[in-house]
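Asker: attaching a predicted model along with its sequence, questions to come.
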Amino acid sequence: MATEPAPAPSDQSIENTLSDQELLTAAPEVLANSLSEYLRAWGQRIRNGESGAMPVIVGLVLIMVFFEAENSSFLHAGDIVNMLVESTIYVMIGAAEIFILLLSEIDLSLGFGAGVGAMVVAELIAPPVDFPWWLGILSGMVVVGALGALQGSLVSRIGLPSFVVTLGGQLAFQGLLLVVANADSSTVGGTVQIDPSSPVYKLVNSTMSTGLSWGVMIAAVALFAAASLWKTRARRSRGLTTPPLGVTGITIVGAFVGGVALELICDANKPVEGMPWVFPFVLVVLAFYSWLLSRTRIGRYIYAVGASPEAARRAGINVKWVVTFAFIMAGITACLAGVIYESSSGSMSIDINGGQLVLFAVATAVIGGTSLFGGRGKIFNALLGGVVIAVVYNGLSIMGAGAAAEDIAVAVVLILAVTLDALVRRRSTTR
């Protein structure tokens, strides 16, 4: 007897599959009709353990104050810009891992996946192939996305543990990197040089003019303001609760102040002035991913599957496709991280430390606030986590600490972040 197909999932059924943590995250929007009510609701969230990104921000400020007290040159404009540039690699590889962590899975292959993608790009845009830079990047994204699709299919359709699948993928991609590096005679010693005139090279090593960077910053803040106000208006027109306009205004002003501060720091970085191209590149990618996860049906499906795969399946969601899609997006994002990596070094080599990169990916996501237990986190968590790791490494380096102290410090920060996540989850479940 043929069974009836599952009905198409509705937004309400998807919302019902979300975890308690996700619903509590929206508590101030539900409870607040004025700025004072919003602040009281926010305070209640903190007392309930739902502090959001606040512990990360407070911790970051304290870390920076400590390093500045130890060495007054820590917050020099040039050092800040270098730290932010270095953090972009962590941010991008962390964003790739977030797609997987939201499903309560893990991907250990992203480090060498980034290496494979970067090597494909380097090979294609270098002689004798000489592809246009954009076609080279697109090809690398397709290759690593296909590898992600393969791993996602093994996890979702056969039911293999993601830990085992991606651990095998890490080893396989490391071998594939060697294969790609020896594809033609232009590769000497497993290294492909990037042409300094190529946009791939200029992504990290070139800056926008001062006028252009200010224009881009103002345009970005204007778009953010328009999107925030449009979202508020759209929700109100549908009878949905929204944060007070005062909160939206404060958020817009905060974004503007942050943009101006970043511009002033970049302009004070003598003799190189202007914002590095990699900054708007990373922000555009994160903004697109944030829209994808929060405003599209597939994004809501990812949260629903991460919160409860069985409930999502009963709601009519194609769980297998959602898991595969997340692995594809993780692979594509890892390739973009690899492009930043090779742009930073001016070349692509087979000696990329993919194992360390994947550890940074997990650390960046978790330190930024993404839950290891699935269903909770935002793509911009990678931004906070990446900056924290870069600040710790650069601060200890300026103090003269060795590599051992740097690794231990990042490990301690990671363990504290995981502990906080576990305590918040336990307290929410108990309540």
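Answerer: Good, I have the coordinates. Everything quoted here is computed from the prediction, not taken from an experiment.
Asker: C-alpha from now on. contacts and neighbour counts both.
Answerer: Noted.
Asker: V412: neighbour count?
Answerer: 11 (other C-alpha atoms under 10 Å).
Asker: that one: which element?
Answerer: helix 403-430 (DSSP states H and E).
Asker: also L84?
Answerer: Per DSSP H and E: helix 77-101 holds L84.
Asker: what about the strands in this structure?
Answerer: 191-193, 347-349 (DSSP state E).
Asker: tell me which residues are up against the first one.
Answerer: Among residues not part of strand 191-193, those counted as contacts by C-alpha atoms under 8 Å, 6 or more residues apart in numbering are M119, A122, E123, A126, A181, S186, G346, S347, M348, S349, I350.
Asker: dump the residues you listed to CSV, plus pLDDT, neighbour count and distance to G136.
Answerer: Below are the contacts of strand 191-193 laid out as CSV (pLDDT from 0 to 100; neighbours: other C-alpha atoms under 10 Å; distance: C-alpha to C-alpha, whole Å):
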residue, pLDDT, neighbour count, distance to G136
M119, 94, 28, 10
A122, 93, 31, 8
E123, 91, 27, 8
A126, 90, 20, 9
A181, 84, 25, 15
S186, 50, 17, 16
G346, 90, 19, 16
S347, 90, 19, 15
M348, 91, 28, 14
S349, 89, 22, 17
I350, 89, 22, 18
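Asker: okay, those residues in TSV with distance to L286 next?
Answerer: Converted to TSV, these look like this (distance: C-alpha to C-alpha, whole Å):
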residue	distance to L286
M119	23
A122	24
E123	27
A126	28
A181	30
S186	34
G346	24
S347	25
M348	24
S349	27
I350	28
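Asker: which one of these sits closest to S87?
Answerer: Nearest to S87 among those, counting by C-alpha to C-alpha, is G346 at 16.9 Å.
Asker: pretty sure that closest one sits against I194.
Answerer: Yes. Using C-alpha atoms under 8 Å, G346 is in contact with I194, at 5.5 Å.
Asker: where does the stretch 1-150 of the chain have low pLDDT?
Answerer: The stretch 1-150 of the chain contains residues with pLDDT under 70 at 1-53.
Asker: so which bits of stretch 244-254 are buried?
Answerer: Neighbour counts over stretch 244-254 (16 or more other C-alpha atoms under 10 Å) mark P244, L245, T248, I252 as buried.
Asker: can you tell me how far the second one sits from A234?
Answerer: So the one you mean is L245. From L245 across to A234, the span is 13 Å (C-alpha to C-alpha, to the nearest Å).
Asker: show me what contacts the most centrally placed residue in the chain?
Answerer: In the chain, the centroid-proximal residue (C-alpha atoms, centre = their mean) is A95; its distance is 2.2 Å. By C-alpha under 8 Å, 6+ apart, the residues touching A95 are L286, A330, T333, A361, A365, I379, F380, N381, A382.
Asker: the same query, at a cut-off of 7 Å, please.
Answerer: Shown in contact with A95 (C-alpha atoms under 7 Å, 6 or more residues apart in numbering): A365, I379, A382.
Asker: check contacts around the first one.
Answerer: Put plainly, it is A365. So A365 contacts G94, A95, E97, I98, N381, A382, G385 (C-alpha under 7 Å, 6+ apart).
Asker: buried subset of the residues you listed?
Answerer: Buried among those by 16+ other C-alpha under 10 Å: G94, A95, E97, I98, N381, A382, G385.
Asker: can you redo these as TSV with distance to G78?
Answerer: Output for the buried ones among the contacts of A365, formatted as TSV (distance: C-alpha to C-alpha, whole Å):
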residue	distance to G78
G94	24
A95	26
E97	29
I98	30
N381	25
A382	23
G385	21
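Asker: and which of those residues is nearest to L229?
Answerer: N381 (22.5 Å).
Asker: which residue, other than its chain neighbours, is closest to the closest one?
Answerer: Spatially, and ignoring its direct neighbours in sequence, N381 is nearest to G368 (4.3 Å; C-alpha to C-alpha, 6 or more residues apart in numbering).
Asker: the one you found: how many residues sit nearby?
Answerer: For G368, the neighbour count with other C-alpha under 10 Å is 31.
Asker: again with the one 10 residues further on
Answerer: Per other C-alpha under 10 Å, the neighbour tally for K378 reads 22.
Asker: quick check: closest non-adjacent residue to it.
Answerer: Per C-alpha to C-alpha, 6+ apart, closest to K378 is T370, 6.7 Å.
Asker: next, count neighbours for the one you found.
Answerer: 31.
Asker: cool, the one 10 residues further on as well?
Answerer: A total of 22 residues lie near F380 under the criterion other C-alpha under 10 Å.
Asker: which residues does it contact?
Answerer: L286.
Asker: so what pLDDT did it get?
Answerer: Note for F380: predicted pLDDT of 87.
Asker: and it, how close does it get to R295?
Answerer: According to C-alpha to C-alpha, F380 stands 15 Å off from R295.
Asker: rewinding a little: what do G346 and I194 both touch?
Answerer: Y201.
Asker: next step: the contacts of strand 191-193 restricted to helices.
Answerer: M119, A122, E123, A181 (DSSP state H).
Asker: how about the contacts made by the third one?
Answerer: If I follow you right, that is E123. Contact analysis of E123 by C-alpha under 7 Å, 6+ apart lists V192.
Asker: let's see that with 6 Å instead.
Answerer: By C-alpha atoms under 6 Å, 6 or more residues apart in numbering, E123 lies in contact with nothing.
Asker: can you list the residue ranges for helices in the stretch 151-300 of the chain?
Answerer: Here the stretch 151-300 of the chain has its helices, by DSSP state H, counting those that start in this stretch, at 162-181, 199-205, 210-237, 245-267, 278-295, 297-307.
Asker: quick one: the nearest residue to A96 once chain neighbours are set aside and V418, what's the gap?
Answerer: Nearest residue to A96, sequence neighbours excluded (C-alpha to C-alpha, 6+ apart): A330, at 4.2 Å. With distances taken as C-alpha to C-alpha, A330 is found 21 Å from V418.
Asker: okay then, goodbye and thanks.
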